[in-house]
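Student: All I have is the shape, not the residue letters:
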């Protein structure tokens with residue numbers, strides 16, 4: 001087995017240096033640094049060389065007593081996170097994930113979270129690591145003896161609590177962990193060449209793609225055909241460009257299937273505004289755009305700093321705004337300037353939520369002072385791309401069952417706009433699109449009649465990848481909200497085998513569960529319906545809006561972050577985004593009784609029944625959004641209510657709790 005052979009396996013370079021331990025012990029520090037420098041993707045400065053030399057010196061001293069067994073990998077790549085682990089040591093039956101802080105005298109909470117995050121990534125997404133003992137090790141080379149900790153606690157999945165050592169005690173920690181952990185001997189070659197099947201969050205995916213990773217590197221494309229869909233769209237774009245034609249593609253899929261990931265992948269094929277292939281990702285989801293803007297900007301500054309270049313955060317923010325834009329900004333620019341946009345390719349996220357004519361006209365009258373506007377949002381957005389004299393491509397990402405705002409036009413309006421004003425555009429759809437509703441079916445028939453319809457199964461994503469622990473979470477939630485209690489009960493065990501869904505009436509118990517269950521920087525938070533007006537006795541007030549940037553991106557020490565479990569987000573802040581663990585607090589706006597849902601809105605000092613079908617659908621979809629935000633597990637809180645408070649009567653909550661308990665959700669006691 002050679003280092004070169006292993007490095008060429010897979011679609012990305014997995015490490016900067018790899019060798020059997022015996023070979024590493026026989027090598028000079030200069031030789032190892034030479035390999036690391038030659039394989040580095042960034043300019044290596046003297047500070048980095050010094051850190052590598054310190055790491056090599058400590059590792060060689062620690063491994064010498066253990067003999068020549070095992071295999072060492074330095075600068076091991078984690079594409080999903082856009083980071084590199086200092087060292088991964090495959091030793092006998094244990095995988096050690098080691099992070100060095102050369103010269104450090106203490107162990108910070110952030111550094112401990114970092115090494116745990118690396119180990120979690122391997123445990124969750126690297127197949128040979130699923131059943132192997134993983135020991136995260138943080139080495140603060142100059143830490144005093146009193147700060148050290150050789151932990152022996154592991155979770156059920158075999159990921160051990162982080163070990164804290166200095167340069168002198170690393171060898172002892174390795175020996176102790178080998179003696180304590182159980183497992184079969186690991187073949188280093190099979191381990192390092194094993195399949196890596198990550199499921200990144202939207203934020204992680206955007207950062208990785210923006211940093212030029214491919215969708216194949218950062219996603220489980222084997223499960224959801226993401227690579228196939230991205231490749232199909234790239235082919236349509238190239239065909240349109242070479243033939244001077246225009247096309248629109250509709251990408252469908254189940255909730256959490258990766259439609260946004262596909263869109264981001266297409267958008268990152270060219271982020272150079274001067275390129276003819278420049279693409280822009282457009283979303284009407286304001287919180288999503290804000291979070292992505294800030295996350296991309298911060299990550300760009302971090303990467304530039306690591307490569308020895310300076311970039312101000314303000315400049316980074318301006319750069320990323322050419323990649324991800326609020327759809328309303330794109331529309332306003334099109335109103336102010338009748339020339340073709342810079343972009344030949346536009347990706348519209350949640351295209352079914354674009355506004356109809358009435359909502360667009362109302363907005364233009366109220367916010368822009370434009371009376372008599374007579375185009376729907378889909379029609380106007382297509383018209384902007386149609387200004388190009390040669391070619392253009394529109395990619396519509398189509399969600400299902402998560403409409404939560406009035407005035408949403410649906411996909412039928414996109415198709416109708418093409419029929420009315422742009423009949424020469426080619427239309428690419430998945431067969432699943434025709435099943436949405438009768439309006440869509442009629443419009444597709446009209447498109448087919450004029451010879452412009454092209455169907456391909458490559459445009460439909462069939463598997464949910466949001467929850468990498470259980471692909472059927474969204475199906476379970478749909479059965480629950482459809483009140484198919486028998487169906488939900490039948491699939492509960494399969495869903496919760498690796499994706500816990502807990503039930504409680506005690507909010508403090510739910511918070512404790514989140515804090516004790518999450519590891520590393522796994523993000524958790526409380527989410528509630530925007531209509532949950534009577535949770536104020538529990539210190540939850542939905543009238544106080546959260547800043548999604550702080551809520552989703554701030555660390556554990558920031559009181560504005562989701563981690564603090566003080567501020568709650570509603571369906572409007574979390575749609576399109578996700579957390580690892582969620583606490584969903586249920587209020588009296590959606591009640592269960594006599595085998596059906598009751599829909600209520602709180603006005604003044606009392607609950608009133610919601611009678612309009614549209615508003616009922618929005619309320620049910622709000623809970624659908626909330627209940628599908630978690631990647632790893634959820635706890636549901638159904639309050640007891642208060643017999644002395646008519647706005648929180650126990651009968652608003654008790655039947656729901658009884659129904660959920662009857663399905664089999666385990667109680668958090």
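Tutor: Perfect, thanks for sending it. No experiment lies behind these values; they were computed from the predicted model shown.
Student: For residue 144, see how far away the residue positioned nearest the centre of the chain is.
Tutor: Geometric centre of the chain, nearest residue: residue 201, 1.4 Å, by CA atoms, centre = their mean. Note on residue 201: its distance to residue 144, by CB to CB, to the nearest Å, is 37 Å. Any C-beta I mention is one placed from the backbone N, CA and C, and that applies to glycine too.
Student: residues contacting the residue nearest to the centre of the chain?
Tutor: Listed by CB atoms under 8 Å, 6 or more residues apart in numbering, the contact partners of residue 201 are 577, 578, 631.
Student: Neighbours of the second one, how many?
Tutor: The tally of other residues near residue 578 (other CB atoms under 10 Å) stands at 20.
Student: Do I have it right that it meets residue 626?
Tutor: No. Residue 578 lies out of contact with residue 626 (CB atoms under 8 Å); the separation is 11.3 Å.
Student: With adjacent residues omitted, what lies nearest to residue 299?
Tutor: Spatial nearest neighbour of residue 299, chain neighbours left out: residue 207 (4.4 Å); criterion: CB to CB, 6 or more residues apart in numbering.
Student: ok, residues contacting the helix or strand hosting that neighbour?
Tutor: According to DSSP states H and E, residue 207 maps onto helix 202-210. Outside of helix 202-210, the residues within contact range by CB under 8 Å, 6+ apart are 79-82, 200, 215, 217-219, 260-261, 264-265, 267-268, 271, 288, 291-292, 295-296, 299-300, 320, 323-324, 552-553, 576-578.
Student: Likewise for stretch 451-464?
Tutor: Residues from elsewhere that reach stretch 451-464, judged by CB under 8 Å, 6+ apart: 223-226, 228-229, 231-232, 249-259, 262, 423-432, 444, 447, 471-475.
Student: and the residue lying closest to residue 494 once chain neighbours are set aside, how many residues sit next to it?
Tutor: Leaving aside its sequence neighbours, residue 494 sits nearest to residue 472 (CB to CB, 6+ apart; 6.5 Å). By the criterion of other CB under 10 Å, residue 472 has 16 neighbours.
Student: Over to residue 472: give its phi and psi.
Tutor: Note on residue 472: its backbone torsions stand at phi -110, psi 10 [degrees, to the nearest 10].
Student: Could you do residue 99 as well?
Tutor: phi -120, psi 130.
Student: all helices of the stretch 401-550 of the chain, in order?
Tutor: Using DSSP state H, counting those that start in this stretch, the helices of the stretch 401-550 of the chain run over residues 411-421, 438-449, 473-481, 485-496, 507-517, 548-553.
Student: Tell me which of those helices approaches residue 565 most closely.
Tutor: helix 507-517 (5.0 Å; CB to CB).
Student: outside of the closest one, which residues touch it?
Tutor: Residues contacting helix 507-517 (CB under 8 Å, 6+ apart): 500, 502, 504, 524, 526, 538, 565, 581, 583, 585, 633, 635, 637, 639, 668-669.
Student: Would you point out the most distant pair within these?
Tutor: 500 and 538 (22.2 Å).
Student: give the contact list for residue 346.
Tutor: 279, 280, 282, 330, 381, 384, 385, 392, 393, 394, 395.
Student: Out of those, which comes closest to residue 416?
Tutor: The closest of those to residue 416 turns out to be residue 381 (CB to CB; 13.6 Å).
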